[in-house]
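[1] Dropping a prediction and its sequence here:
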Amino acid sequence: MKIGLLTSGGDCPGLNAVIRGAVLNGVKTYGHEFVGFRDGWRGVVEGDYMDLPRTKVRGLARQGGTILGTSRTNPFDGPHGGPENIEIMMERNQIDAIVAIGGEGTLAGAKRLADAGLPVVGVPKTIDNDLQATDYTFGFDTAVSIATDAMDRLRTTGESHHRAMVAEVMGRHVGWIALHSGMSAGAHAVLIPEQKVSMEQVAEWVTEVHERGRSPLVVVAEGFIPEGFEEVIHDKGTEKDGRPRLGGIGEYVTQELERITGIETRNTILGHIQRGGAPTGFDRVLATRLGLGVVDMVHDKEWGKMVALQGTDIKRVDLSVALDGLKTVPQERWEEAKVLFGR
Ligand SMILES: Nc1ncnc2c1ncn2[C@@H]1O[C@H](COP(=O)(O)OP(=O)(O)OP(=O)(O)O)[C@@H](O)[C@H]1O
Ligand SMILES: O=P(O)(O)OC[C@H]1O[C@](O)(CO)[C@@H](O)[C@@H]1O
Ligand SMILES: [Mg+2]
C-alpha cells in the first residue's frame, strides 16, 4: 500500500513522532510506502506531496512542529477540492489511503471524505485536549509542562515584588491547560471557558492570598468569559476563517484586579510558546503509539475511524463518536480545584 499522511490545523508537539511511528510500523511490519502531503489538506487537493522513506523520519520523535507543514485549508473548497477530485488525485498518484492528523476541524473533514467513500482515517491532535473519545491528546502534556515552568518563574518574581501575577494560557473552548498547569503551579484562581466567575470573586481570592503574605497567581484560559459578558473578550480581530484571534483576556483580568483590589498586578500571555519545541516524554510515547496504531488500522481498512488513548490502550473509534461535541472540563473537576483557591 501507499499511504499519504497529512498534518492540519494548529501545530502540536508530537506531530513528527506520529509520522515516525506510522512510517516505521508501515515499512517494517507491512512493507508499505509513505508520502507526506504538504501543508495539510492543501497538499491533498493540489496533489503536492513528498516521499517519506524511513530515512526521512530518523530522530523525529523529539522534534517539535511538523516536517510536513500545516494549514487550515478545507478539503471541500476550491476547484480541486471535494471527494471526486481527491479520488482522482489518489488514483493518479496510486495513493491507497489518507491518514489525517489533526483536531476537530481536520477530523470533521476526514469524516466527510470517509462518508463519501474515500479510504480516510484520523489521528487526534490538539494541545487543548478537547477531543472526545480519547483520554488525552498528545501536545497537551507538553503545553502543561511549559506553562507550569513559566508559572513557577512568575511566582518567584511575583513573591519578590508582593505583586499579583496573571498568566494567560491557551484554551479556546475548554480549560484543560489552565486547570492542569494552574493546579500544578499552585495557582490561587483558575479561570476557564466552562465556568462563569465574577471579577469580584476573583478579586476576593486574590486579596485573601495577598493578606496571608503570598503573591497571588491567577491562571486564565484565553477563552474565559467573565460573569456579565456574553462573548469572549478579544481585541485582535478575526482569522480568515472567522475565528476570533484570542489572547487578551489576561489584560482585562489584570486591569480589573488592580482596580478592585489595589494590588499591583502584572500580566503574561504565554501564547504560542506553549505549542513550540520538543514534546515531553509522555507525548512522544503517546504520539508514537498512535502512529503505530493508525497504520495497523489502515492495514485492516477500517476507514472513517481514528485511533485513541483509552486508559492505557490504543483503541479504534468511529470519527462520529470523537466529533460528538467537545470534551469540556467537568463540573466536578472544577469544584475539586476550587478548594485550592483563595485563602
Ligand atoms: N466540517 C468540515 N468539513 C470539512 N473541512 C472542515 C470542516 N471543519 C473544518 N474543516 C477544515 O479543517 C481545517 C482545520 O480545522 P481547524 O482550523 O479547526 O483545526 P483543527 O484540526 O481543529 O486543529 P486546532 O486544534 O488547531 O483547531 C479548517 O480550517 C477547515 O478548513
Ligand atoms: O494562532 P493559531 O495558530 O490560529 O491557533 C490558536 C489556537 O490554536 C490552539 O492552540 C489549538 O486549538 C488554541 O488553543 C488556540 O486558540
Ligand atoms: Mg479546531
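    Everything's here; your move. Numbering: from 1, shown residues only. Ligands and ions are numbered 1, 2, ... in the order given.

[2] closest point of the stretch 201-343 of the chain to ligand 3, which residue?
    Nearest residue of the stretch 201-343 of the chain to ligand 3 (Cβ to the ion) works out as Arg243 at 8.3 Å. Quick note: C-beta positions are derived from backbone N, CA and C, even for glycine.

[3] OK, contacts around that residue?
    Shown in contact with Arg243 (Cβ atoms under 8 Å, 6 or more residues apart in numbering): Arg172.

[4] and the stretch 201-343 of the chain, which residues reach ligand 2?
    222, 239, 246, 275 (Cβ under 6 Å from any ligand atom).

[5] Reformat those as CSV; add distance to ligand 3 and neighbour count.
    Listed next are those as CSV, based on distance: Cβ to the ion, whole Å; neighbours: other Cβ atoms under 10 Å:
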residue, distance to ligand 3, neighbour count
Glu222, 14, 27
Glu239, 11, 11
Leu246, 12, 21
Arg275, 13, 20
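
[6] which two from these end up farthest apart in space?
    Using Cβ to Cβ, those reach their maximum pairwise distance at Glu239 and Arg275, which is 15.6 Å.

[7] Check which residues of the strand or helix carrying Ile260 are buried.
    If you go by DSSP states H and E, Ile260 is part of helix 249-261. Counting neighbours by 16 or more other Cβ atoms under 10 Å, one finds that the buried residues in helix 249-261 are 249-250, 252-254, 256-258, 261.

[8] got it, and stretch 31-50?
    For stretch 31-50, burial by neighbour count (16+ other Cβ under 10 Å) applies to 32-47, 49.

[9] Show me those that map onto strands.
    33-37, 49 (DSSP state E).

[10] What is the most widely separated pair among those?
    Longest span within those, Cβ to Cβ: Glu33 and Phe37, 14.1 Å.

[11] tell me the secondary structure for Met90?
    Secondary structure, DSSP: H, G, I helix; E, B strand; the rest coil: Met90 is helix.

[12] Next one: it from Val23, what distance?
    Separation of Met90 from Val23 (Cβ to Cβ, to the nearest Å): 19 Å.

[13] just so I have it, where are all the helices in the stretch 51-200 of the chain?
    83-92, 104-115, 140-161, 176-185, 199-211 (DSSP state H, counting those that start in this stretch).

[14] Pull out the buried positions in the last one.
    So the one you mean is helix 199-211. Of the residues in helix 199-211, 199, 201-207, 209-210 count as buried by neighbour count, 16+ other Cβ under 10 Å.

[15] sorry, back to before: quick one, which of Met90 and Val23 is more surrounded?
    Val23 (25 against 20; other Cβ atoms under 10 Å).

[16] Isn't that one up against Arg58?
    No - the criterion here is Cβ atoms under 8 Å, and Val23 misses it with Arg58 at 10.0 Å.

[17] still on that earlier bit, show the model's pLDDT score for the residue of the stretch 201-343 of the chain closest to ligand 3.
    pLDDT, Arg243: 83.

[18] follow-up on the earlier one: would you turn the helices of the stretch 51-200 of the chain into a markdown table with mean pLDDT?
    Converted to a markdown table, the helices of the stretch 51-200 of the chain look like this (pLDDT from 0 to 100):
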| stretch | mean pLDDT |
| --- | --- |
| helix 83-92 | 98 |
| helix 104-115 | 98 |
| helix 140-161 | 98 |
| helix 176-185 | 98 |
| helix 199-211 | 98 |
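
[19] Could you single out the most deeply buried of those?
    Among the helices of the stretch 51-200 of the chain, helix 176-185 has the highest mean neighbour count (mean count of other Cβ atoms under 10 Å), at a mean of 24.

[20] Now do that one and helix 140-161, the angle between them.
    Interaxial angle, helix 176-185 versus helix 140-161 (axes from the mean of the first three to the mean of the last three Cα atoms, to 10 degrees): 50 degrees.

[21] From the contact counts, what lies against helix 176-185?
    Counting contacts by 3 or more Cβ pairs under 8 Å, 6 or more residues apart in numbering; DSSP states H and E, helix 176-185 packs against helix 140-161, strand 164-169, strand 189-191, strand 217-221, helix 331-338.

[22] ok, the closest residue to Asp77 other than its chain neighbours - contacts?
    In space, and not counting its chain neighbours, Asp77 is closest to Val45: 7.8 Å by Cβ to Cβ, 6 or more residues apart in numbering. Contacts for Val45 were tallied using Cβ under 8 Å, 6+ apart; they are 73, 75, 77-78, 80-81, 85-86, 89.

[23] His180 reaches Ser145, doesn't it?
    No - applying Cβ under 8 Å, one finds His180 not in contact with Ser145, separated by 9.5 Å.

[24] The helices of the stretch 51-200 of the chain: which one's closest to ligand 3?
    Closest of the helices of the stretch 51-200 of the chain to ligand 3 is helix 104-115, at 4.0 Å (criterion: Cβ to the ion).

[25] Need the residues that contact that closest one.
    So helix 104-115 is contacted by 8-9, 40-41, 72, 74-76, 83, 86, 98, 100, 102, 120-122, 124, 126, 130-131, 303-304, 306, 319-320, 322-323, 326 (Cβ under 8 Å, 6+ apart).
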